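> Following is a predicted model, sequence given first.
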Amino acid sequence: MAGGHMNSSYSPLAVTSMSEKADICLVLVWVFLVMYHLLKGLHQYLTRKEEFSVIIIGLDGAGKTVRQVAIFRNALTDAGIDFT
């Protein structure tokens, strides 16, 4: 410090070249993308739902639709949804 004057624009993290700025930007973008994908994966894991596929086969008038509605109502009731 010459004459007791300190340069107020000095920073220990001062970037001196465009190449260093580009490297820092690439690192920041990479960190952002990694964090985004980690959080997205965590969200998908925490909000996942089971899916089922069901095929109902039977003759005409055998009650396929009646059985389907009964299963649907039972599933909604189990989920806490009043189906009246």
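Perfect, I can see it now.
> any weak-confidence spans in the chain?
Within the chain, the stretches falling below the threshold (pLDDT under 70) are 1-15, 83-84.
> For the residue nearest in space to the middle of the chain, give me phi and psi.
When the chain is reduced to its mean C-alpha position, the nearest residue by CA atoms, centre = their mean turns out to be Lys40, at 2.6 Å. Phi and psi for Lys40, reported as degrees, to the nearest 10, are phi -60, psi -40.
> Would you mind measuring from it to Phe32?
As defined by CB to CB, to the nearest Å, Lys40 lies at a distance of 12 Å from Phe32. For the C-beta atoms, the positions are set from N, CA and C on the backbone; glycine is no exception.
> what's the answer for Leu59, then?
With distances defined as CB to CB, the gap from Leu59 to Phe32 amounts to 59 Å.
> more crowded one of those two?
The residue with more neighbours, out of Leu59 and Phe32, is Phe32; 10 against 7, by other CB atoms under 10 Å.
> Got the phi and psi for that one?
Dihedral angles phi and psi of Phe32 (degrees, to the nearest 10) take the values phi -60, psi -50.
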